[in-house]
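S.K.: Okay, here's the prediction I keep looking at, along with the sequence it came from:
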Amino acid sequence: MRYLPLADTDRQEMLRTIGAKSIDDLFVDVPEAARLSGKIEGLADHASEMSVERQMGAMARQNMVAGEVPFFLGAGAYKHHVPASVDHIIQRGEFLTSYTPYQPEIAQGTLQVLFEFQTQVARLYGCDVANASMYDGSTACWEAITMARRVTKRGKAILSGGLHPHYVSLAQTMARFTGDRLDVALPELTAETDAERLLASIDGETSCVVVQYPDILGRITDLTPIAEKAHANGALLIAVVTEPVALGAIEAPGHMGADIVVGEGQSIGVGLNFGGPYVGLFACKEKFVRQMPGRLCGETVDAEGKRGFVLTLSTREQHIRREKATSNICTNSGLCALAFSIHMTLLGERGLRDLAVLNHARAVLAAERLAKVPGVELVNDTFFNEFTLKLPKEARPAVRALADKGILGGVSLGRLYPEAEALENGLVVAVTEVVTDEDIEALASALQEVLA
Amino acid sequence: MSINASGWKPEMGSGEGMEVQTFTGNRALMLEEPLIFEMDEAGGCGVDIAPAPKVTSRLGGLERKRDIGIPGLSEPQTVRHYTRLSRQNYAIDLGLFPLGSCTMKHNPRLNEKMARLPGFADIHPLQPIDTVQGALKVIADLGEWLVKLTGMHSVAMSPKAGAHGELCGLLAIRSALEARGDAREVILVPESAHGTNPATAAFCGYRVENIPATERGRVDLAALKARLGPDVAGVMITNPNTCGLFEPDMIEISKAVHEAGGLVYCDGANFNAIVGRVRPGDLGIDAMHINLHKTFSTPHGGGGPGSGPVVFSEALTPFAPLPFVEKQGDRYVLIEEETAEEHHGRTFGRMTAFHGQMGMFTRALTYILSHGADGLRQVSEDAVLNANYILRSLDDVLDAPFGNSGPCMHEALFSDKDFGGGLSTLDVAKGLIDEGFHPMTMYFPLVVHGAMLIEPTETESKAALDQFIGALRSVAERAKAGDASLKAAPIYAPRRRLDETLAARKPVLAWKEPTQGVAAE
Amino acid sequence: MSLYFTKEHEWIQVEGDIATVGITDFAQGQLGDIVFVEVPSAGTQVSQGGDAAVVESVKAASDVYAPVSGEVVEGNAALEADPSLVNTAPEGEGWFFKLKLSDEGQLEGLMNADEYKAFVDSQ
């Protein structure tokens, strides 16, 4: 077996050192009844690289690849071009096969990357500090809600109807067990967001208001009034960003008064990967830092006075605080955070702004073209690179029919909100820099055929 | 004749033992590297982005008005920056990585290649399911092998890491108890448990009580039985436990917990010791997470991403989270919210967006297919053999607190007993760094003073083990002799010991532009 | 003015009905460098044996229990800026909080300086 270096002679010699007759002697503590005598049922014996590649390749070929067809899906995961150097660097063994940097003297590479990452995220979000990443945007969002509970010592969170339904669903699952109260609503197929509802709902029991920016339908709303009303009532504003590229074009939530900003970092550096692994971003105002979940990297000096980095404020975490920890999380999403950080370094200020401008421009062109398809209406007044169309019929079968024509045309609201009939004609369309004019034309004409 | 016009004559030089302060601060291949924020040149950029067509803005007047403040570098600068940083890291690719409880085994590169096939890496989680049948098959196949390897009934694939898996298991337990109208409030956790166990139980609204260990490092069965009662929702047990020992009473523990109306959670962090030889399902376990980044070799990546599927007993299966993959005829379907109502109304719900860590699933499935039934069994055998070899090669020089209670499983545990001169486990760990090894897990489990937990894994050769044993023996002898120079270790690493007190007292968590005064220094 | 100690390594200095509370020199030595202290704010009601403050070193977090019941009249704000006071002057400037005693009888169960010294030596 190519991954196992011991030879039988080694094994015999080692058993002699140990003083055991056979391997079975080492498993004496396992009760007879629990020992598996035969092999795992149905599993073949070890296989060559070539044979495994064949098996895996056969499964890979059964999927429609985003990069090979006109592609317009978003709703929390976006297809962007990732520079070749990103994947090259993250495959360096010193990054790929290292562990959480518990021994900082021999983990300065990972630690400095995390420090740079935290700074990039904080600045992108317009916040003071960011952590070393979370599992993904959805779990980061729930962690933010629990953090707001710890900060305000209140248990009612108001969730915007524009928040990604999976994020809402996850919060509802958790809240059933933690006792948090959630005020939720479905989105409406209108140009206006539910900012009015949020403003009307904030009261003295509110821990936080959670607003996605841009929201699940692609709409962009000014967060400032919501922040002001929340603060006047002693509540926090949590902004959720599922498309970080947008922040190259629009104001950062932290600059509009958000106390905690969280989101998905997948768009930058990570790729689609059928939903994971992704990277959760989490930033907040400095005064809340001790209530933050997750790992934090901080600057310090070594015994010779040289600058170095360490994981810090770890008394918040599970391995020390145990049942009093801020969260039970122990991993972050290190390698994805690295990919995010490399891509961000390659982009820089200018690249991110140019990329955002290009995304917006392509999305505007696509929206204008698709709105000309007979029966199709553009719901949004405002959007960045994603908008919602109202079709003259149910969108979910239309998406399947488009796929039959080799076009991945968007995410139907029927997929996201299976219970909501009022939303079933909605189609969320994302248009990034990878979409060509030909792709837009292909979608427009295929949609016309499908709707005819 | 022509006489050596260039003047080049090989010379060995002199100046032995001289320390030179270099201009750069570099020491040959040990390179200092500034932060990207200190390297930025105005408008630097490492990507070429096509010019955007002119359009009327639809941003609603919310255009960004100020700079983001992030630096940009060209591609050569970027590649060099991260390559130089990478060289300051220890990694499995560089040597044995004996972190106990972390299972730092070799990460096969075929796994990486398979995960990057466009058919897996470049598909969107919300594509129509007929366009992702192969991806769903990967999830279903991996799930099936995990169920068979553990002898359990079903599996939830969506948890994102071990701790997330624990959460999944406990939420299922609480859902099952609530469904039978039996509110219970206490979770029992052995003293030696991972910190995540009590943190997770508390998160789920449970009160945590500790169960003591016996002198042999196992759960005290009598004490456990005495504590069981109608208020106990269940136990969270790690098996093999964090002292590296198998819990021989596990079947009886499960039976007692079940008789008292509770459920059994097993922390599967140490599954590598028993994979292919013992099925947790045969031990009476109701839920167990599997760290794909441990047993199934997906890379640790400097702290994630992980993946923590949870296997369930029949009793807990109806409460498993959404979404999951089901085979209907010859087609795979994804059970999300809409279809759950009909067949899976008792699910406790969704715990993440989308469907889990697909990139880790492809790697883990590749690993399982590569090893096959014979290879996986060999994995646990070699992992246990290697750990016992380390235990017995060092127990004359280091105190092995449970060394007399039989063989260990996949990790060897030592204490700081008999260290001299005020030297501690920390000093030994730092001494190992100078020897070119990553230290073992230190000060865990909490039940052993100055604990050193060593997990070599099965992917080490005997030569590598012997070199590690020699290094640790040397450092341990220095510690016992009270060699004060160990306090200065490491001296050959890119950094000496770092001031963690300063970092925590005055946290600097983001880079700030130097103020004028400082810049002038 | 009298000084009392608890088995949880807190000291209590009582003047009239006001008690000043901190952790002992022995306790700070066990904890190592203190990096963060969270003290209760004025007006907080604490009860004997209940959580009152948190003290953190780099690798450990410890709860400080209220040695007696009462209402907090002042938390030591200086500790927020300089938690190292707990290391340098644990039984002086590094005090944690002052409270107004609600039950002076609770003092009777506590140790005096000699008894505490004997208690520490026996540990």
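M.R.: In hand now; what should we look at?

S.K.: List the strands paired with the lengthiest strand in chain B, with their directions.
M.R.: What stands out as the longest strand in chain B, according to DSSP state E, is strand B:232-238. Counting by DSSP bridges, the strands paired with strand B:232-238 are strand B:186-190 (parallel), strand B:263-267 (parallel).

S.K.: same for whichever helix or strand comes after the last one, what does it pack against?
M.R.: Same thing as strand B:263-267. Tracing the chain past strand B:263-267, the next element assigned as helix or strand by DSSP states H and E is strand B:287-289. Contacts defined by 3 or more Cβ pairs under 8 Å, 6 or more residues apart in numbering or on different chains; DSSP states H and E place strand B:287-289 against helix B:162-179, strand B:263-267, strand B:310-312. Quick note: C-beta positions are derived from backbone N, CA and C, even for glycine.

S.K.: and these, which is most packed in?
M.R.: Stretch with highest mean neighbour count among those: strand B:310-312 (a mean of 30; mean count of other Cβ atoms under 10 Å in any protein chain shown).

S.K.: Which SSE is immediately downstream of the helix or strand bottoming out on mean pLDDT in chain A?
M.R.: Lowest by mean pLDDT, DSSP states H and E among the helices and strands of chain A is helix A:318-321, with a mean of 61. Of the helices and strands lying after helix A:318-321 in sequence (DSSP H and E), the nearest is helix A:334-370.

S.K.: I'd like to check what contacts the helix or strand following that next one. Which residues are they?
M.R.: The helix or strand immediately downstream of helix A:334-370 is strand A:377-378, counting by DSSP H and E. With contacts defined as Cβ atoms under 8 Å, 6 or more residues apart in numbering or on different chains, strand A:377-378 is touched by A:Ala367, A:Leu370, A:Ala371, A:Phe387, A:Thr388, A:Leu389, A:Lys390.

S.K.: Could you pull up the contacting residues of the closest residue to A:Leu355 other than its chain neighbours?
M.R.: Excluding its sequence neighbours, the residue lying closest to A:Leu355 (Cβ to Cβ, 6 or more residues apart in numbering or on different chains) is B:Ile49, at 5.5 Å. Neighbouring residues of B:Ile49 by Cβ under 8 Å, 6+ apart: A:Gly351, A:Asp354, A:Leu355, A:Leu358, A:Glu433.

S.K.: Then A:Gly248?
M.R.: A:Leu352, A:Arg353, A:Asp354, A:Leu355, A:Ala356, A:Val357, B:Arg64, B:Ile68.

S.K.: picking up where we left off before, any chance of the helices and strands packed on strand B:287-289 in JSON lines, plus mean pLDDT?
M.R.: Shown next, in JSON lines, are the helices and strands packed on strand B:287-289 (pLDDT from 0 to 100):
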{"stretch": "helix B:162-179", "mean pLDDT": "94"}
{"stretch": "strand B:263-267", "mean pLDDT": "95"}
{"stretch": "strand B:310-312", "mean pLDDT": "98"}
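
S.K.: before we move on, the earlier item: may I see the ChimeraX selection of the buried members of the contacts of B:Ile49?
M.R.: Command for ChimeraX that selects the buried part of the contacts of B:Ile49, burial taken from 16 or more other Cβ atoms under 10 Å in any protein chain shown:
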select /A:351,354,355,358,433
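
S.K.: with the contacts of B:Ile49 in mind, which one is nearest to B:Asn386?
M.R.: A:Gly351 (47.7 Å; Cβ to Cβ).

S.K.: can you list contacts of the lowest-mean-pLDDT helix or strand in chain C?
M.R.: Lowest mean confidence among the helices and strands of chain C (mean pLDDT, DSSP H and E): strand C:61-65, at a mean of 86. Contact with strand C:61-65 is made by A:315, A:320-321, A:324, C:6, C:8, C:10, C:21, C:23, C:31, C:48-56, C:96, as judged by Cβ under 8 Å, 6+ apart.

S.K.: Take these and keep only those in strands.
M.R.: Taking DSSP E, the ones among the contacts of strand C:61-65 that sit in strands are C:Glu10, C:Val21, C:Ile23, C:Asp51, C:Ala52, C:Ala53, C:Val54, C:Val55, C:Glu56.

S.K.: among the residues you listed, which are in reach of chain A?
M.R.: Contacts with chain A within the ones in strands among the contacts of strand C:61-65, counted by Cβ under 8 Å from any Cβ of the partner chain: C:Glu56.

S.K.: quick check, nearest of the ones in strands among the contacts of strand C:61-65 to A:Gln103?
M.R.: The shortest gap between A:Gln103 and any of the ones in strands among the contacts of strand C:61-65 belongs to C:Glu56, at 21.4 Å (Cβ to Cβ).

S.K.: ok, the residue in chain A positioned nearest to chain C - contacts?
M.R.: Residue of chain A nearest chain C, by Cβ to the nearest Cβ: A:Thr315 (4.1 Å). A:Thr315 makes contact with A:Arg321, B:Ala504, C:Val35, C:Phe36, C:Glu56, C:Ser57, C:Val58, C:Lys59, C:Ala60, C:Ala61 under the criterion Cβ under 8 Å, 6+ apart.

S.K.: Dump the residues you listed to a markdown table, plus neighbour count and distance to A:His343.
M.R.: Converted to a markdown table, the contacts of A:Thr315 look like this (neighbours: other Cβ atoms under 10 Å in any protein chain shown; distance: Cβ to Cβ, whole Å):
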| residue | neighbour count | distance to A:His343 |
| --- | --- | --- |
| A:Arg321 | 21 | 34 |
| B:Ala504 | 25 | 31 |
| C:Val35 | 26 | 34 |
| C:Phe36 | 21 | 35 |
| C:Glu56 | 24 | 36 |
| C:Ser57 | 23 | 38 |
| C:Val58 | 23 | 33 |
| C:Lys59 | 17 | 35 |
| C:Ala60 | 13 | 38 |
| C:Ala61 | 21 | 36 |
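
S.K.: quick one, what contacts the spatially closest residue to B:Val275 that is not a sequence neighbour?
M.R.: Nearest residue to B:Val275 in three dimensions, chain neighbours excluded: B:Ser380, at 4.9 Å (Cβ to Cβ, 6+ apart). Residues in contact with B:Ser380 (Cβ under 8 Å, 6+ apart) are B:Asn272, B:Ala273, B:Ile274, B:Val275, B:Gly276, B:Arg277, B:His410, B:Glu458.

S.K.: Now with 6 Å, please.
M.R.: Contact partners of B:Ser380, counting by Cβ atoms under 6 Å, 6 or more residues apart in numbering or on different chains, are B:Ala273, B:Ile274, B:Val275, B:Gly276, B:Arg277.

S.K.: Dump those residues to CSV, plus neighbour count.
M.R.: Shown next, in CSV, are the contacts of B:Ser380 (neighbours: other Cβ atoms under 10 Å in any protein chain shown):
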residue, neighbour count
B:Ala273, 29
B:Ile274, 28
B:Val275, 25
B:Gly276, 21
B:Arg277, 20
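
S.K.: now those in JSON lines, with pLDDT?
M.R.: Output for the contacts of B:Ser380, formatted as JSON lines (pLDDT from 0 to 100):
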{"residue": "B:Ala273", "pLDDT": "95"}
{"residue": "B:Ile274", "pLDDT": "94"}
{"residue": "B:Val275", "pLDDT": "94"}
{"residue": "B:Gly276", "pLDDT": "92"}
{"residue": "B:Arg277", "pLDDT": "93"}
